[in-house]
Structure formats: structure tokens, C-alpha cells
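> below: sequence and its predicted model.
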Amino acid sequence: MKPFRILLFLLSVFLVLFAVALYYPERGIRLGKNFSLHFISSDDIFGNDSLQYADISDIINNEALISDSLISTMAAMESDSGTLALSDTLRANADSLKKSITRIEFPENDSTILYKVFKALRRTKDTGGIVRIMHYGDSQIEGDRMTSLIRNRLQKKFGGHGVGLVPVSHLYDFSFSVTQQTSDNWYRYVQYGNRDTSIKHSRYGPLSVFCMFSPAITDSSSADTATHKAWIDFSESSYAYQNTKSFSQCRVFYGHNSEPFLYEILLNNERYDADIAVPSKSVKELQWKFNSPQKNLRLVFSGRTSPEIYGIALDPLRGVVVDNIAMRGCPGVFFSTSDKDVLKAMFKKLDVKLFLLQFGGNVVPNIVDDYSYYEKWFYRQLTTIKEVCPGAAIIVIGLSDMSVKEKNRYVTYPNLEKVRDALKSAAFRAGAGFWDMYRAMGGYNSMPSWVFADPPLAVKDFVHFNPRGAVIISQMFYNAFIFEYNRYENLVQKKAE
């Protein structure tokens, strides 16, 4: 072949490839759930890639400057309409930093839906009592990430200590706030995930799991006359905040035991109490209040058959408790399929004032055009909570930014904002508050900025915060919550004057 013809052939090939590059879909052709076929684009050829990651420098820098006292000043300025006696510098500083707080949004701007919670928080400082907040979420809060900071800040402000409600046996070994060890003969039955299909009831309780020291009795179970014995140890974690390392009372929630069982509690390896629990067909409670805060505790159970144990609460006698209830891989649609009588009994015994629901991330990889189905499902969970725990408030915490890799770069999932909007719409329909974590952390293409920060604030799956980033984002939520509390407190004080 002559050189001229070779040149023409190469030029024609390049022209064809260039034409394909011009019209090839920007996001490639999806060949499967996690695989897309991409082609070099004109931007790749000419270097016109306009992708930019969000600038989060102001978000991070401003967060370090915001304190409780400054938030109090911000709230006072908003309600005082400029008559508050402040220096020009302090007023300007507070007004500037206030813009960095991503506010909690309310249906029809009605923040009164949190007033019962705020009233309880205000009361506990003066007259005591416990204000219980249950923080549900997916793997973003696993190991007490996020929850631990929220709990610590609230307990510092309003009093309280202890880690709150925990299951007998965790699916994962590590927990930030308490060291928990168990004998290896506990049986764990979960509502979500690898569910045991031989369990025909739905009595999983508020942790969506119950545990037993003998196998659950099913239709196919053979008679078991052996005596079973199991134990649980709680001790302080070296990673925990100081106020989480101790507790002043212990409560064990159990039920539906056909036979009596023996229980024993040991403090610092010495027997504190022991007794026999009689058979029960409903939710029961064992409770011990201690003369001084404790850091180490062992519970021992024995009997031919085990009760269903729904959780163990390590609480203060007064102040704030924030329970961490993480469910890896869960979209948050389990309340409506759980036994409502058990939920109602447990929530009443725990006297829950506020639910924080943080889900949505596990819906994002399933890319569809319309998420009205998820809005409908999630709305049903919110109405179920209101049914089984009337009077409690709910705040839905929206999902974080999540990135998918396209060629050599990371971009926000194309459907993420649709999932966020579905959560927000469900929250407003159910009369719940909504905090937009996606917007708070910087919005579109912000997760790569958290991952590539120095030091890093998120892990390289471009989905989860690392411990350092979890502290920052949970501090943002706390600031938004305390801002609303201070607005409420200012209103109460004005009415009293």
C-alpha cells in the first residue's frame, strides 16, 4: 500500500473516532449495575474538562469557630431584632458565622414540632429526669460514629452519662463508646439482613434484633432439657468520651419466656444481685440503680429456655441519653414490619422524646428515574413511629454526598438529589424536621473534597466519613439543633418577662 493511502486510512480512522467521541454519551453506556463503557471524549482530547470539586475550606474553617455561646448569641440576635447590646465586632462575627449553619427545615416552617423535646431538655437541667434520643441510621453511624459526638455535646450541656441502649450481641466487634464482650453461645436474630426464616414472629424490638442464650423454639425444634448459661461484660472504652465511660443504672428489656430463668449481676467481679424471672408473654424489665456511677458490669443468665432480650440500657439517672442504632445496608424501612405491640411497650418504657433517622445512602446505587416508591415506604416508617410512640418528635437527617467513579474522576451520583428530595418530602408529609447533610457538607461533588482533604475527612470508598470527618459533620448537626433550642429558650424567657 502506498504511503498516501496509509495516510488517508489513518485520517479516516481518526475522523470516525473523533465523531464517536463527539456523540458518545457523557456518562458512558451502562452494561451492568456497577459497570459502564466509556469512550474518550472531546474534552479529553482538547483538555476542556470543567469538573470541579466543591470548595469546603470555609465550611471546615468556620466550623472550628462556632461555639455554644456564639450559637446562643446568634439565636438571640435573630429573636431580638437588633436591640441586643453587642459590640459591632461580635455582632458581625456572629452574623457571618450564622450563615455557615445549615438550619433544620420544618414543614410550613413550623419549628414547634421540637418544642416538647426542648421543654424536656430545659426541665432536666432543673428537675432531673431522662431525655432519650434514639439515633437510627445505616453504616454511616456504625461503631457510634456521629452519634458519639452528638451524645457528648448534649450530655455536656444538659447533663447525663452512659452509652444508652445496646443489643446483647453486636454484629461487628468495634464500638467507639463501650467495650462489650459476650460468651460465644448467644443466638442473634435480626430483622434486617440475614434473617432466620424459621422465626415466624416479628418481635424484634427497637434495635431490630433480639438475642437468646438458648436457640429459639420453632415448629421444627426438638425438646431441649439442658441448662444454658451465658454472660455479657461491659467495661469502659479507651476511645470513649469521658461522660460515656460510666453509667448509673442498668436496665434489661426482655419478654416472651415460657419458663423462668436465673439472672445475676456483678459489679467489679462481686455479686450485686441475683434472682429468678418468672415466665412472661409481654415485654418486661429488670432494673438496677447504683449509688455511684459504674464502669464495669457483668450480667449472667441461665435456664433451660431463654427469653427474647431486646436490649440493655446503660443510662444516667438524669440528663440526656442518645442511643446509637446502626444497620449496615439498610434503607430504613423496617419499623412498619416489626411487631407494633413490642415497639410500643419498649418506647413507652424508654420514654423516647426524639428520633433521629439517617438513611437513604443504600438506595442511591439503585439508579431509577422516580423515587416516589421510596418516599412512600419511608413515609410509612414515620407514621408507624408516630403510631407506636405518640408525642415523640422526629428529625430526618438526609444522606451525605456519595461519589461514583467516571474514568479517572469522582462525581456525585446522578440520582442522589432525587433520593434526598424523597426523604425530605416524606419527612414534611409526616410532620418531621429535615436536616440536609448533603448541603451542609458542600453539596454537589463535595465528597471528593472530604476524601482528599489534608488530613482526610472521609474514606476512599467516597461514601463514608472517617472518624475525623464524622466529628465535623455531627458537630454541624449539633449546631443546627442547638440553634433551634436557643431560639425556643429565648421565646420562653420573653413570655416570662
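On my side now, so go ahead.
> in a helix, that's where Glu142 is, yeah?
Yes: according to DSSP: H, G, I helix; E, B strand; the rest coil, Glu142 belongs to a helix.
> gap between it and Val283?
Distance of Glu142 to Val283, given as CB to CB, to the nearest Å: 27 Å. All C-beta atoms are positioned from the backbone trio N, CA, C, and that covers glycine.
> how about Asn194, phi and psi?
As for Asn194, its main-chain torsions (degrees, to the nearest 10) stand at phi -80, psi 80.
> which other helices and strands contact the longest helix along the chain?
The residue-count maximum for a helix in the chain (DSSP state H) belongs to helix 467-496. Other helices and strands packing on helix 467-496, by 3 or more CB pairs under 8 Å, 6 or more residues apart in numbering; DSSP states H and E, are helix 57-63, helix 68-80, helix 115-127, helix 147-158, helix 437-440.
> residues in contact with the fourth one?
Read it as helix 147-158. With CB atoms under 8 Å, 6 or more residues apart in numbering as the test, helix 147-158 has contacts from 68, 121, 124-125, 131, 133, 135, 137, 141, 160-161, 163-164, 176-177, 240-241, 243-244, 319-324, 356, 470-471, 474-475, 477-478, 481-482.
> repeat that for the third one.
Outside helix 115-127, the residues within contact range by CB under 8 Å, 6+ apart are 129-131, 154, 158-160, 318-320, 353-354, 391, 393, 484-485, 488-489, 492.
> buried sites along that helix?
115, 117-118, 120-122, 124 (16 or more other CB atoms under 10 Å).
> try the first one
Within helix 57-63, the residues scored as buried using 16+ other CB under 10 Å are 59-60, 62-63.
> likewise for the fourth one?
Within helix 147-158, the residues that qualify as buried are 147-155, 157-158, counting by 16+ other CB under 10 Å.
> tell me the centre residue of the chain?
Nearest to the geometric centre of the chain sits Gly137, at 3.3 Å (CA atoms, centre = their mean).
> list the contacts for it?
If a contact means CB under 8 Å, 6+ apart, then Gly137 has 146-147, 325-327, 332, 356-359, 397 as its contacts.
> coming back round to it: quick check, nearest of the buried residues of helix 147-158 to Asp341?
Set against Asp341, the nearest of the buried residues of helix 147-158 by CB to CB is Thr147 (27.2 Å).
> which ones among the contacts of Gly137 lie within strands?
325-326, 356-358, 397 (DSSP state E).
> neighbour-wise, give me the winner out of these.
Among the ones in strands among the contacts of Gly137, the one with the most neighbours (other CB atoms under 10 Å) is Ile397, at 29 neighbours.
> looks to me like Arg420 is in a helix.
Yes: per three-state DSSP, Arg420 lies within a helix segment.
> so it sits right up against Asp436, yeah?
Yes: the pair Arg420 and Asp436 passes the contact test of CB atoms under 8 Å, sitting 7.0 Å apart.
> how close does Gly159 sit to Arg151?
12 Å.
> give me the common contacts of these two.
Val320.
> domain assignment for this structure?
51-160+318-497, 161-316 (automatic domain parsing).
> I'd like the ones you listed laid out as CSV, including mean pLDDT.
Shown next, in CSV, are the domains of the chain (pLDDT from 0 to 100):
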stretch, mean pLDDT
domain 51-160+318-497, 92
domain 161-316, 92
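> quick revisit: between Arg420 and Asp436, what contacts are shared?
In contact with both Arg420 and Asp436: Gly398, using CB under 8 Å, 6+ apart.
> just to revisit the earlier point, distance to Gly431 added to the buried residues of helix 57-63, as JSON lines?
Shown next, in JSON lines, are the buried residues of helix 57-63 (distance: CB to CB, whole Å):
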{"residue": "Ile59", "distance to Gly431": "30"}
{"residue": "Ile60", "distance to Gly431": "34"}
{"residue": "Asn62", "distance to Gly431": "31"}
{"residue": "Glu63", "distance to Gly431": "30"}
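> name whatever forms a beta bridge with Val321.
Under DSSP bridges, the beta-bridge partners of Val321 are Arg132.
> wait, it sits on Val166?
No: counting by CB under 8 Å, Val166 is not a contact partner of Val321; they are 11.4 Å apart.
> now Asp196: how far from Ile312?
For Asp196, the distance to Ile312 - CB to CB - is 21 Å.
> these two: who's more crowded?
Here Asp196 and Ile312 are set side by side on neighbour count (other CB under 10 Å), and the busier one is Ile312, at 24 against 12.
> got the phi and psi for the more buried one?
phi -130, psi 130.
> now name the helix or strand holding the residue lying closest to it once chain neighbours are set aside.
Distance criterion CB to CB, 6 or more residues apart in numbering; nearest residue to Ile312, sequence neighbours excluded, is Val252 at 5.3 Å. Under the criterion of DSSP states H and E, Val252 resides in strand 247-257.
> list the neighbouring strands of that strand plus their orientation.
strand 280-294 (antiparallel), strand 308-315 (antiparallel).
> for Leu8, find the nearest of these.
Judged by CB to CB, the one of these that comes nearest to Leu8 is strand 308-315, at 76.7 Å.
> what comes into contact with the closest one?
Applying CB under 8 Å, 6+ apart, the contact partners of strand 308-315 are 130, 162-168, 178, 203-207, 210-212, 216, 232, 234, 247-257, 283, 297, 299, 301, 321, 342, 346, 350.
> so for Ile130, what's the nearest residue that isn't a sequence neighbour?
Nearest residue to Ile130, sequence neighbours excluded (CB to CB, 6+ apart): Val321, at 5.8 Å.
> then Asn324?
Closest to Asn324 by CB to CB, 6+ apart is Thr147, at 3.8 Å.
> same question, Ile59
Excluding the flanking residues, the one nearest Ile59 by CB to CB, 6+ apart is Gly442, at 5.9 Å.
> need phi/psi at that neighbour.
Per-residue torsions, Gly442: phi 130, psi -10 (degrees, to the nearest 10).
> what about it, how many neighbours?
So Gly442, with other CB under 10 Å, has 21 neighbours.
> with Gln287 instead?
Counted with other CB under 10 Å, the neighbours of Gln287 add up to 12.
> now the one 10 residues further on
Residues near Leu297, counting by other CB under 10 Å, number 20.
> over to Cys389?
The burial count for Cys389: 23, using other CB under 10 Å.
> now swap in Leu317 and tell me
Leu317 has 17 neighbours, counted by other CB under 10 Å.
> for the spatially closest residue to it that is not a sequence neighbour, give its distance to Ile141.
Using CB to CB, 6+ apart and skipping residues adjacent in sequence, the residue nearest Leu317 is Ser248, 4.7 Å away. Per CB to CB, Ser248 is found 25 Å from Ile141.
> what about these two, which has more around it?
Using other CB under 10 Å as the criterion, Ser248 and Ile141 rank with Ile141 on top: 26 against 20.
> surely the more buried one touches Met134?
No: using CB under 8 Å, Ile141 makes no contact with Met134, being 11.6 Å away.
> roughly how far does Met228 sit from Ile325?
For the record, residue 228 is His, not Met. 27 Å.
> what's the answer for His201, then?
As judged by CB to CB, His201 and Ile325 stand 20 Å apart.
> hmm, back to that, off-centre distance for the longest helix of the chain?
Helix 467-496 sits 17 Å away from the centroid of its parent chain (CA atoms, centre = their mean, to the nearest Å).
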